[in-house]
Structure formats: C-alpha cells, structure tokens
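[1] How does the following fold in three dimensions:
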Amino acid sequence: MIRECVVALVLLSAAQHAAGQDRPSRLGPRDIDALPSAPADHRLAYGADSLHFGDLRLPDGPGPFPVAIVIHGGCWLGPFATLHNTSAVSDALRGLGVATWNVEYRRADHPGGGWPGTFQDVAAAADHVRELATRFPLDTTRLVALGHSAGGHLAFWLAARHRLPPTSPLASPDPVTLAGVISIGGPPDLAAFEGLDARVCGEPIVARLLGDASAVIGDRLADASPAARLPLGTPQRLLVGELDGVVPAEVALDYERRARALGDDVAYVSMGGAGHFEALAPTTEAWQVVVATVRELLDARRPPPSARSRR
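    Model (predicted):
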C-alpha cells in the first residue's frame, strides 16, 4: 500500500508540473537552513572530536520509536552545510512518530576527515544508535538511514559496509543493521560521479575525499563507493528531483539497474517539479514522497499485531 502511495504522489506531482500548477521557486541550501524547526531533545557525543555529535529528537509518547539516522550533505566539505541543513527534516519526522538521530561528522577539509575519517565518523554515529537505545525508547529493529546529496552517498555506504573486507580501514566488526536506506539526490556511485564533481562542488572532491593520490584512489573507491559493493542486501530508495541538476538521473538509474540485476530491492523515484533541495522542505510535494518512502521501509519491519501485544 505504501509503495502505491509513493507512486501516486509522484504521478500527481508530475501531472501538476506538466499542467503548470506546480512551479515552485527553486530552493537553495540557505533557504533550507532558514526553515523553522524545534530544538532537538538531546545533543549527544558519539566520539571524542568536536564534530562527533548528533541531535536526537524523540516523538511524544512512551515508544519504542522507529529511528531514522539523518545525514546532511554539502559536497563532503565543511563550508557548504552542517547538520542544521537537515534539522527541519529531522523535526518533521519526529512529528510523524519517528525518532531522528541527525548526525554531524568530519568532512574532507576538516582535520582527520576525508579518508578514512569521514567514513569512520558516519559508521560510529550509526553504530551509536545501539548505545542510545539503552537510554531512550528506540526500536533498533526499525532503523533506516536517510541522507541528502553527499549524505545520500554516505547513507548508502552504511548499507554497504557489511560487505567490506575485514582488512579495510573502513570495516566495522559488527555494523548496525538497517531496515532500508534513502538517498535524496545523492551519488550512489563515486566512480560515475568523478568528472561531474568539479562542476557540482567546485573541485574534484572525490579525489580529495579519498586522499588525492591517484595511485590509491582506485583501491579506495572499492571501499568507499556503494556501487562497488553490490548487492547490498538492504532495501534502497533513490529519490531524485526531476529538475535536480546536481547528480544526473542517469547515474542513479544505472545504479538501480545494476543493483536490481544482482537481486537487490532497489527503486528509483523521480520527484516531479523538484530540484536538489525541495525534498528537504516539509511543505513540498517532494517531501511527501520522502515521508511515504520512510514509512514504506519502516512498515516492512513492523511486527505483526500479535507480536506487539506480547511486548
């Protein structure tokens, strides 16, 4: 039923756009930063660095609540975005009954960021949900990761890291299990994004993220790019604005084809009338697609009524 709702919303948005009824101004990162959001319930550290923290928002009620790990984008660089860019999203999901863990992390231009620090930070933040669940009413069996732009790549990478060899510096001994991952306008294939990254981010950021030296980039791509670790074995949703000029639709569609051919549960959804940032604004049609997708993935892990009554 939820998947049918996603399809219906996409078709409605596309129809309105074609009819000239849905032509919003294109939103930018500062527009998203200016959106209102209620403060987090708790700002908590998951490590020792000053950027090792996240904002935890809890819905009203006793719980236990499903959880969304929320990862902001910004070209893997500090000046473009912080976790404030995903505060409105996190707050809106809280209002829908989903606890949110909106995480900060070191980017490629921060001391200790890039390779391997950026990936290790996001992994540590995700695994920290287990510790949070010992203190707050969180249902870690209903856990999704949702990221925007570069954060979309990192959300998919969280689903891929269980496929890493134990010798990789990015490997974790017991990564948290995700019920699904959602990328909003993110590149799931870093190799395909190379060459586009300078236009989008102002520099060849993939090389910088992976360590600059061309001799090592090829090897590191295999650990850093979700596409190199297919199949992931986790439901994956690629949400891309129809007017998004950051990551071409062909990149996401090619990933979808390859993942599906290898047996993964993966779906590409085009959000009619949306650019790169519209899905982060809870008043837009694109945001409703995000909501339906989150619910779809979480509902797939909802225990049957008989099991819930025995809790």
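[2] mind checking which helix or strand Ser87 is in?
    Under the criterion of DSSP states H and E, Ser87 resides in helix 87-95.
[3] Quick check: what element follows that helix along the chain?
    For helix 87-95, the succeeding helix or strand toward the C-terminus, using DSSP H and E, is strand 99-103.
[4] tell me which residues in whichever helix or strand comes after that following strand are buried?
    Where DSSP H and E defines the elements, the next helix or strand beyond strand 99-103 is helix 117-132. In terms of neighbour count (16 or more other C-beta atoms under 10 Å), helix 117-132 has its buried residues at 117-129, 132. Where C-beta positions appear, they are placed from N, C-alpha and C, glycine not excepted.
[5] if we can go back for a sec, angle of the helix holding Ser87 against strand 99-103?
    If you take axes from the mean of the first three to the mean of the last three C-alpha atoms, to 10 degrees, helix 87-95 sits at 160 degrees to strand 99-103.
[6] Which other helices and strands does helix 87-95 contact?
    strand 53-57, strand 65-71, strand 99-103, helix 285-299 (3 or more C-beta pairs under 8 Å, 6 or more residues apart in numbering; DSSP states H and E).
[7] can you list the ones you listed in a markdown table and add mean neighbour count and mean pLDDT?
    As requested, the helices and strands packed on helix 87-95 are exported to a markdown table (neighbours: other C-beta atoms under 10 Å; pLDDT from 0 to 100):
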| stretch | mean neighbour count | mean pLDDT |
| --- | --- | --- |
| strand 53-57 | 23 | 98 |
| strand 65-71 | 27 | 98 |
| strand 99-103 | 29 | 98 |
| helix 285-299 | 22 | 97 |
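[8] from the buried residues of helix 117-132, which is closest to Arg94?
    The closest of these to Arg94 turns out to be Leu132 (C-beta to C-beta; 14.4 Å).
[9] hang on, isn't that closest one packed against Trp101?
    Yes. With contacts counted by C-beta atoms under 8 Å, Leu132 reaches Trp101, the gap being 6.9 Å.
[10] What residues sit buried inside the strand of greatest length in the chain?
    As assigned by DSSP state E, the longest strand anywhere in the chain is strand 138-148. For strand 138-148, the neighbour count (16+ other C-beta under 10 Å) marks Leu138, Asp139, Thr140, Arg142, Leu143, Val144, Ala145, Leu146, Gly147, His148 as buried.
[11] who does that strand pair up with?
    Applying DSSP bridges to the sheet, strand 138-148 is found paired with strand 65-71 (parallel), strand 180-184 (parallel).
[12] could you pull out the strands for the stretch 201-311 of the chain?
    236-241, 266-271 (DSSP state E, counting those that start in this stretch).
[13] which ones are touching His84?
    Contacts of His84 were listed using C-beta atoms under 8 Å, 6 or more residues apart in numbering, and they are Asp33, His72.
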